[in-house]
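1. Provided below for reference: sequence and predicted model.
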Amino acid sequence: MKHLGLGVAIGLVSSAVLAIQPAHALTDAQIIEKLQGIPVIALTDKSGAPLVAQLNDKQKGLFTEVYLGQKEVSTTLQKLKVSNPAVAKQLQIRVVTLGDVYKSQIASSSDKKLNVLIVPSEVQVKSAISLLKKNDPNKAQQFNGVPLFVGIAGKPRGYVSINSAQDKKRIIPIFFDKEQLQAVLDRFKKDQPNLAPTTEIQVISLDSLLTQMRSKNEPFYGQIVLARSKEMAEYVVTPAGQAKPTAGTKPAAKPNSTKK
């Protein structure tokens, strides 16, 4: 798919760096760089060891969760305070990045792997499902994962690209927050009124994007920049969000719960 240009400058996440446009699938190092600007919330003990639980019978092993929204963290903590108050008292909220998560997953061996489940914002999942129901009801029923939002327009369809205010290069922004993308598209429609009728939001999953970036030879993958949500951007500058995780080699105590 080609991309379309938007002649405005928009500042994105400060740590996002545009990779050199490759003519091949991205390396793990390039993918980590793209994910490094996306903060997620983790529940750990005081040493930084993550809270873990047992996967179900069909998916044997341990898992830990990281969260893209504060509400989802609060819900988990409230449930733990009821089901296992002793474990809940040990926990702290820490901020890591998706780059750190991805790095740990590709570095760990399959027999010792701690599965990481990324819990998306419930609000953004609802937005994604609502959009999919309008455009493709079957995909709406099957969608399962972390939703991402990207602008498309024109005939043939192309990704909307913008000028990065940070490094003065063309980028294709992909958002965890539908409302942030909508603001970009509203400006795009004013600047490109001939394309306004064809402009819309496309929903993809984080997992499928990462899989494609690792396996497909598409030059525009180098232009992709993932933009952290407004909620997480605001959270990381709060005292709670600035808490730095410390290295922990052992998992924290496990709650008495099973992932279904």
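-> In hand now; what should we look at?
2. give the contact list for the residue nearest to L51 when sequence neighbours are not counted.
-> Residue nearest to L51 in three dimensions, not counting chain neighbours: L43, with 4.4 Å by Cβ to Cβ, 6 or more residues apart in numbering. Every C-beta, even on glycine, is put in place using the N, C-alpha and C of the backbone. Counting by Cβ atoms under 8 Å, 6 or more residues apart in numbering, L43 makes contact with 50-51, 65, 73, 76-77, 91-94, 252.
3. Where does the prediction get shaky in the stretch 151-260 of the chain?
-> Along the stretch 151-260 of the chain, segments meeting pLDDT under 70 span 167, 239-260.
4. rerun at 90
-> Low-confidence segments of the stretch 151-260 of the chain (pLDDT under 90): 154-157, 161-171, 191-192, 214-222, 235-260.
5. Downstream of the host helix or strand of N163, the next helix or strand is which one?
-> Per DSSP states H and E: N163 is located in strand 158-164. Using DSSP H and E, the next helix or strand after strand 158-164 towards the C-terminus is strand 170-175.
6. helices or strands next to that next one in the packing?
-> Other helices and strands packing on strand 170-175, by 3 or more Cβ pairs under 8 Å, 6 or more residues apart in numbering; DSSP states H and E, are strand 2-10, strand 147-153, strand 158-164, helix 178-191, strand 224-227.
7. what about the ones you listed, which gets the closest to Q212?
-> Closest to Q212 of the helices and strands packed on strand 170-175 is strand 224-227 (Cβ to Cβ; 10.3 Å).
8. Restrict that closest one to CA atoms and write it as CSV.
-> Provided in CSV are the C-alpha atoms of strand 224-227 (Å, rounded to 0.1, in the frame of the first residue of the first chain):
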residue,chain,number,x,y,z
ILE,A,224,6.2,3.8,10.6
VAL,A,225,6.2,5.6,14.0
LEU,A,226,4.1,4.4,16.9
ALA,A,227,2.6,7.2,18.9
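9. Tell me which residues of the helix or strand just after it come out buried.
-> Sequence order places helix 230-235 as the next helix or strand after strand 224-227, per DSSP H and E. The neighbour-count check on helix 230-235 (16 or more other Cβ atoms under 10 Å) flags 231-233, 235 as buried.
10. list the contacts for K46?
-> Residues near K46 by Cβ under 8 Å, 6+ apart: 90, 92.
11. ok, it to T76 distance?
-> Using Cβ to Cβ, to the nearest Å, one gets 18 Å for the distance from K46 to T76.
12. do the same with L51
-> Distance, L51 to T76, by Cβ to Cβ: 9 Å.
13. what is in contact with the two at once?
-> Common neighbours of L51 and T76, using Cβ under 8 Å, 6+ apart, are 43, 65.
14. out of those two, which sits in the busier spot?
-> Between L51 and T76, counting by other Cβ atoms under 10 Å, L51 is the more crowded of the two (24 against 20).
15. Can you pull the phi and psi angles for the more buried one?
-> As for L51, its main-chain torsions (degrees, to the nearest 10) stand at phi -70, psi 130.
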